[in-house]
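> have a look at this fold, sequence not included:
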Ligand code: 13P
C-alpha cells in the first residue's frame, strides 16, 4: 500500500458517523465471554457468533471497519463467503489483531509485555492477502503501587512502534493500542498522569521508528478513575481529563483516535464518548473501536441459541447506532431508552 493509500484508509476508518467494531477476541478472551453467557466454546460457535454480528442488517451505516481474530479471518459464513469478503461487500474495511497477547514482564511483578513481533512481517503479508487493510496491536499498562515502571512503558512503546512500522511497510494501517487498565483503586488524576506518560513514550517511539503518523490510528483508554476508586468521576470530568491529556500528547498529524471501552458499561462509555465529542472540534477525529460495549447485550441475549439471533442482532444494532451518534455528540438518554425498548419488543 502506498503512503497515500495508508492515509486514505486511516481516514476512511474514522469517517463521520461511523466507528470500528472490535470482534478480535483471542481464544482465551472469547472463552471467558462465552462462559459468562453460557455458550459452548468451539470453533463453530465462535464462527456462528461472529456471523450473527457481521450479518446484522444495516450496521454498515455505522461501522467503518471490523477487527477480526486470526481464526475468523480464515472462516467462511454458513453459505461459504469468507468473512473479509462479506465485510468488503458491505463497504466495511476488514482488519486483523496481530499481537499474540500479553505475558508477565520478567523482573517486573504485576507488569505485562505484549508478544508477537517474531515472524510478524510474514504474518502481515499473509493477512493482507486474506483481505485485511488494517491491523491492531494491544499493550496493557497496569496502575498500582510503584507501577507502571518506565521500563514497562518503554518496552511496550517500543513493541508498538515496531509493529506500526512493520505494518505500514506491509501495506496495513496500524491501530496502536496502549491500554491503561481501569482495574484498581487509583483516582482519575493518577490515570491521567499514567496515560500521559504512556502516550508520550508511544509517540516518541513511533516518531523514532519513522511511522507515518497520517497513516495510523491511536486506540487509547479514556481517562477514568479505577473501578475500585471510592470517588467516581462525573461524565464531564472524564471528558475534560481525556481531552486535556490527548491534546497534550497526540500529534495533530494523527487522523483519528478510536477509544476502547475497557470494561465500562455500554451506556457509560457511550455517554463519555458523547460528552467528549459534544465539547468541540479537535485536531483528530474522535471515534470508537469497542468490543464489549457493542457486543455485551447481544452476546447475553443470544446465549448460543438460534432462536435468539434476531433479538441479539437488534440489540447489537442499537449499541452500534448509539455509539455512532455519540461519535457525533448526538447521543441522548431518549435514544438510549428507545434502543432498549426496541430490543425488548422483539420476542
Ligand atoms: P473493549 O472495548 O472490550 O475494551 O475491547 C477493545 C479491544 O479491542 C481490546 O483489545
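On my side now, so go ahead. Here the structure is a predicted model, which means the values were calculated and not measured. Residues are numbered from 1 along each chain as shown.

> what number of residues lie near residue 198?
Residue 198 has 25 neighbours, counted by other CB atoms under 10 Å. Yep, even glycine has a C-beta here, placed from its N, CA and C like the rest.

> on the pLDDT front, check residue 158 for me.
Per-residue pLDDT puts residue 158 at 99.

> now do the SS call for it.
On the three-state scheme (DSSP: H, G, I helix; E, B strand; the rest coil), residue 158 is labelled helix.

> run through who's touching stretch 221-233.
Contacts with stretch 221-233, where a contact means CB atoms under 8 Å, 6 or more residues apart in numbering, come from 143, 179-188, 190-192, 195, 238, 241-242, 245, 259-260, 262-264, 269, 272-273, 276.

> next, the buried residues of that stretch.
Using 16 or more other CB atoms under 10 Å as the test for burial, stretch 221-233 gives 221-226, 229, 233.

> ramachandran coordinates for the most centrally placed residue in the chain?
Against the mean C-alpha coordinate of the chain, by CA atoms, centre = their mean, the closest residue is residue 289 at 3.5 Å. Backbone torsions of residue 289, given as degrees, to the nearest 10, read phi -140, psi 60.

> can you put the buried residues of stretch 221-233 in TSV and add secondary structure, pLDDT and distance to the ligand?
Listed next are the buried residues of stretch 221-233 as TSV, based on DSSP: H, G, I helix; E, B strand; the rest coil; pLDDT from 0 to 100; distance: CB to the nearest ligand atom, whole Å:
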residue	secondary structure	pLDDT	distance to the ligand
221	coil	98	8
222	coil	98	10
223	coil	98	15
224	coil	98	12
225	coil	98	17
226	coil	98	15
229	coil	98	18
233	coil	98	18
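
> quick revisit: now narrow the contacts of stretch 221-233 to whatever sits close to the ligand.
260, 262 (CB under 6 Å from any ligand atom).

> in helices, which of the contacts of stretch 221-233 fall?
188, 190-192, 195, 238, 241-242, 245, 269, 272-273, 276 (DSSP state H).

> what residues are up against residue 299?
33-34, 37, 39, 49, 312.

> which ones among the residues you listed also lie next to the ligand?
Within the contacts of residue 299, nothing lies near the ligand by CB under 6 Å from any ligand atom.

> looking at those residues, which is nearest residue 154?
residue 33 (31.6 Å; CB to CB).

> show me what the residue nearest to the centre of the chain bridges to in the sheet.
residue 20 (DSSP bridges).

> residues in contact with whatever residue of the stretch 1-150 of the chain ends up closest to the ligand?
Using CB to the nearest ligand atom, the closest approach of the stretch 1-150 of the chain to the ligand is made by residue 22 at 3.4 Å. By CB under 8 Å, 6+ apart, the residues touching residue 22 are 66-67, 136, 260, 289-291, 294.

> ok, so of those, who is nearest residue 91?
Among the contacts of residue 22, residue 66 lies closest to residue 91 (CB to CB), at 11.6 Å.

> can you name the next helix or strand after the stretch of helix or strand the closest one belongs to?
Remark: residue 66 resides in strand 63-68, with elements defined by DSSP states H and E. The C-terminal neighbour of strand 63-68 among helices and strands, as given by DSSP H and E, is helix 70-73.

> how far is that next one from where the chain is centred?
17 Å (CA atoms, centre = their mean, to the nearest Å).

> do the same with stretch 18-31
Distance, centroid of stretch 18-31 to centroid of chain: 8 Å (CA atoms, centre = their mean).

> mind listing what's buried in it?
18-26, 30.

> what about the helices in the stretch 201-347 of the chain?
235-249, 266-278, 292-302, 309-326, 333-345 (DSSP state H, counting those that start in this stretch).

> next, the angle from the second one to helix 235-249.
Translated: helix 266-278. Orientation of helix 266-278 against helix 235-249 (axes from the mean of the first three to the mean of the last three CA atoms, to 10 degrees) gives an angle of 60 degrees.

> which residues touch helix 266-278?
Here helix 266-278 makes contact (CB under 8 Å, 6+ apart) with 222, 224, 235-236, 238-239, 242-243, 259, 261-262, 264, 286, 288, 290, 292-294, 296-297, 319, 322-323, 325-331, 336.

> try it again at 7 Å.
222, 235-236, 238-239, 242-243, 259, 261, 286, 288, 290, 293, 296-297, 319, 322-323, 326-329, 331, 336 (CB atoms under 7 Å, 6 or more residues apart in numbering).

> give me the buried entries from those.
So, by 16+ other CB under 10 Å, the buried ones in the contacts of helix 266-278 are 222, 238-239, 242-243, 259, 261, 286, 288, 290, 293, 296-297, 319, 322-323, 326-327, 331, 336.
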